[in-house]
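*Asks:* my questions concern the predicted model and sequence given below.
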Amino acid sequence: MSPRRTGVGGLVVALVDRVFVEPVRQGAPRVRDWAPGMRAIGLLVAMIIVAALAAVSLAETELLPLRGSASGLAVPLGPQLVLFALTVVLALAQTTALHAPLPLALALWGFVGAALTVIAALPGHVWPDPVSAAGPVTWLVLGGLAVLRRRAAPRWWEFVAVWALVLVTTYLPLALAAARIADGQARPSAGSVQILALAAASAAVPAALLAGASLAAVACSLCLWVVELGTARARAAGRPGRVPRGLVVATAVVAVAAVGGAGWQLVAGSLGWLDAATGLASAAAVLLAIAIGWALLDALADERSPASTGVGQLIDHLPTVAWPAAVALGAVSAVLILPVVMLATWQVTWAAVPFSDTVAGVLTVVSANPTLVGSIGAVAAAVICIGLGLRLAVRGVRGPAELLFAVGVVQALLQFGEVSSFRIEPAAVGLLAGLVVAAMLIITATRGRLTGPVAEAYLTALLITVAIANLELLADPVGTVLQSVGGVVAVLALFWTVLTSGDLANGDSPRFPRSSRVMLVLANLLVAVLLVAATTLTTSTGNTTSFDGIVSSGARDLGVPLLLVVLASVLAAALRGAEPGEPAAPVDSPGHPPHFRRSPHAQRPVHRAFRGTPQP
């Protein structure tokens, strides 16, 4: 922060610069490094997003009749726009699969095949009608193209060729069906638009989860920088051991008000005192599991590389962890939705195929037990995350290990709630965490160990508990406060995710070239915006509650673990007598929040897991 910027105004300007401007400046995709063909694709995606959001606004205000009917073939402009945008998503996904790592390529190819099969069934074509085979045949052709281009260098015409195949497969069945309907020879498939929206919902889950996690990351960064910049003036004046009284008072007032509000929400939203006590007990289990896991992983990492976790670096590691975690959690959603889509498609398109009754029976059983299927998938995802976290910790990697482990623990506890009264409520977790931090602060003060660095760490911890307690408000402030126009904050969070995803979009390697990375980011953004548009434009109600719910799940499933890991690291810094980093971030990464390092005068840590050397 510039020395001339003083007072509240200077603090606000510095916060905006550190929390919002610098991350975008450092993490935005570098369009100048894109090939000319990629720039054209990016422009196409931008135009579709603008058109989709404009159509949503027009449909909400009822200025144009853009919404489709609840059943039958979609005729108005809105569903046609959704379908056209979906063809671009499929083309981006399949072109990414041509030069992506094999597991990702197979996943994308499978998604494209399922979507093409559903689209071919929309007009009501039934086997042995040749048109019903358009989707599967195109899917196989795209698979052959992927094999042929696997070891070749990416070319701009690949997207054009794939998109042309998808367009023909999409609009040929629709055109033939429209002609038959006009002649009275056929009827549209009932509920086909809803099937399409359901398939889009499954594909949009990873992007929506990332959007929710990004909201928590912004809140965490804001908490760290508020304290860091608030104490910068005292350090600049040669008083590093002092914390401004105004910052202490403001933090205390905000913490008491917000945590108290969270407690009121917990009590008011509960069925009784017993239900509220259950919520607090569940929160205690979450905090205890995260604390034990953090200490275990830190001890394992100390065996390989003694050090202290850099608090600011945890946010930098979030994209590295959030992408695979979001894909894993999205796969759980796909496990729930895919049988429903496959059953509807099979009954419409392949009803005359031999053994179709057997296949339909299996799909019916799977579709009728979504809780069991989803629980199995979620437990598998949790075990994978916990296992990867332990493996990374043994190798001396701290940040990603702690984040992955925390995500796995939260998922495992959520699945335990499926068979018990256990539940994870951010308000309860934030309330209990705030009480724990306050108790630790009082004990430290009564022992005379509340130095400036320790007070700074405790102030940061209190603000983080405020962020945890108000995650639902962060995930959907418009819907929570005004109960109107859902999806606005979700879309903004998606744009924020893309603008700060430079580690993925700007990377380049022979195994995963930059063009494929960029198309994957664009496809994730477009498919999530597409879901918002599809929910509004293909139904008569025009709400986006389901999408907002996914974003809220991202804030809970990925955001709560992030904030709790940061909280554990900050409290560990307070216990060992932390000394904050420089007020300005490192030169090579000016958007990073500060680190917490060991003070040279710190007391010996009380637990083995808190040992370590200063974080460089």
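*Replies:* Arrived safely, thanks for sending. Numbering: from 1, shown residues only.
*Asks:* buried residues of the helix or strand residue 433 falls within, list them for me.
*Replies:* Using DSSP states H and E, residue 433 falls within helix 426-446. The neighbour-count check on helix 426-446 (16 or more other CB atoms under 10 Å) flags 426-434, 436-438, 441, 444 as buried. From N, CA and C alone the C-beta is placed, and that goes for glycine too.
*Asks:* who's in contact with that helix?
*Replies:* 255, 258-259, 262-263, 265-266, 269, 279-280, 282-284, 286-287, 450, 454, 458, 461-462, 464-472, 555-556, 560, 564, 567, 571, 574 (CB atoms under 8 Å, 6 or more residues apart in numbering).
*Asks:* can I get the buried residues of helix 426-446 in a markdown table with pLDDT and distance to residue 224?
*Replies:* Converted to a markdown table, the buried residues of helix 426-446 look like this (pLDDT from 0 to 100; distance: CB to CB, whole Å):
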| residue | pLDDT | distance to residue 224 |
| --- | --- | --- |
| 426 | 82 | 19 |
| 427 | 81 | 22 |
| 428 | 85 | 24 |
| 429 | 88 | 19 |
| 430 | 86 | 17 |
| 431 | 85 | 21 |
| 432 | 89 | 21 |
| 433 | 89 | 16 |
| 434 | 87 | 17 |
| 436 | 89 | 19 |
| 437 | 88 | 15 |
| 438 | 85 | 19 |
| 441 | 85 | 18 |
| 444 | 84 | 20 |
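*Asks:* show me which of those is closest to residue 508.
*Replies:* residue 426 (37.8 Å; CB to CB).
*Asks:* separation between the closest one and residue 214?
*Replies:* Distance from residue 426 to residue 214, counting by CB to CB, to the nearest Å: 16 Å.
*Asks:* can I take it that residue 153 is in a strand?
*Replies:* No - assignment of residue 153 by DSSP: H, G, I helix; E, B strand; the rest coil gives coil, placing it outside any strand.
*Asks:* next one: phi and psi at it?
*Replies:* phi -80, psi 150 (degrees, to the nearest 10).
*Asks:* which of the contacts of helix 426-446 are buried, as a PyMOL select command?
*Replies:* In PyMOL syntax, the buried subset of the contacts of helix 426-446 is picked out as below (16+ other CB under 10 Å):
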select buried, resi 255+258+259+262+263+265+266+279+280+282+283+286+287+450+454+458+461+462+464+465+466+467+468+469+470+471+472+555+556+560+564+567+571+574
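*Asks:* in the stretch 351-500 of the chain, which spans are helices?
*Replies:* Shown for the stretch 351-500 of the chain, the helices assigned by DSSP state H, counting those that start in this stretch span residues 356-368, 370-394, 399-416, 426-446, 452-469, 471-475, 477-481, 488-499.
*Asks:* now residue 397. Nearest residue, chain neighbours left out?
*Replies:* residue 301 (7.0 Å; CB to CB, 6 or more residues apart in numbering).
*Asks:* how about residue 567, nearest residue that isn't a chain neighbour?
*Replies:* residue 464 (4.9 Å).
*Asks:* so the one you found touches residue 568, yeah?
*Replies:* No - the criterion here is CB atoms under 8 Å, and residue 464 misses it with residue 568 at 10.0 Å.
*Asks:* the residue nearest to residue 409 when sequence neighbours are not counted sits in which helix or strand?
*Replies:* Distances taken as CB to CB, 6+ apart put residue 289 closest to residue 409, at 5.0 Å, once the chain neighbours are dropped. Applying DSSP H and E as the criterion places residue 289 in helix 273-304.
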